[in-house]
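[1] heads up, no residue letters with this:
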Ligand code: FES
């Protein structure tokens, strides 16, 4: 854990329970996840019960309790994407990055997970990388897409 980075983030916000979400967002952006010891430290510093901090950290999709890459990759495996070869796209990404679903690359650049329907089935197969959505992803383009990051 980068304790100094967490301290700096805490100093940039009022030492008040109302700062909790913004502090957690900043830490997520800095470390790409919320380590347990950081949640404990933030709870104490902002005087927020640990149970409340945990429920916020698990409720919002923006937060992750497990390490994620700077560019989290989500491969849609909903029905439409599945039919269009989502599993093969996932396998190709796993091969390119030498990690499995649920894992993060050693340089913390990418992590890979699957999701159920991103709500744009007409673009199947769909992959998101960070905030970007890639639709109608052909197998041959997987490598090119990853190289953009
Ligand atoms: S099934 Fe993939 S976007 Fe809907």
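    Structure received. Not measured: the values here are computed from a predicted model. Numbering: from 1, shown residues only.
[2] only C-alpha atoms for contact and neighbour calcs from this point on.
    Fine.
[3] and residue 95, how many neighbours does it have?
    A count of nearby residues for residue 95, using other CA atoms under 10 Å, gives 12.
[4] let me fix that, I meant to ask about residue 149.
    Neighbour tally, residue 149, other CA under 10 Å: 11.
[5] please name the nearest non-neighbouring residue to it.
    residue 71 (7.8 Å; CA to CA, 6 or more residues apart in numbering).
[6] I'd guessed that neighbour sits against residue 127; true?
    No. In this structure, residue 71 is not within contact of residue 127 by CA atoms under 8 Å, at 11.9 Å.
[7] burial count for the residue nearest to residue 149?
    20.
[8] what does the chain put close to the ligand?
    Selection of the chain residues close to the ligand by CA under 6 Å from any ligand atom yields 76-81, 117-121, 124, 126.
[9] swap the cut-off to 5 Å and go again
    Residues of the chain lying close to the ligand by CA under 5 Å from any ligand atom are 76, 78, 79, 80, 81, 117, 118, 119, 120, 121.
[10] kind regards, and thank you for your time.
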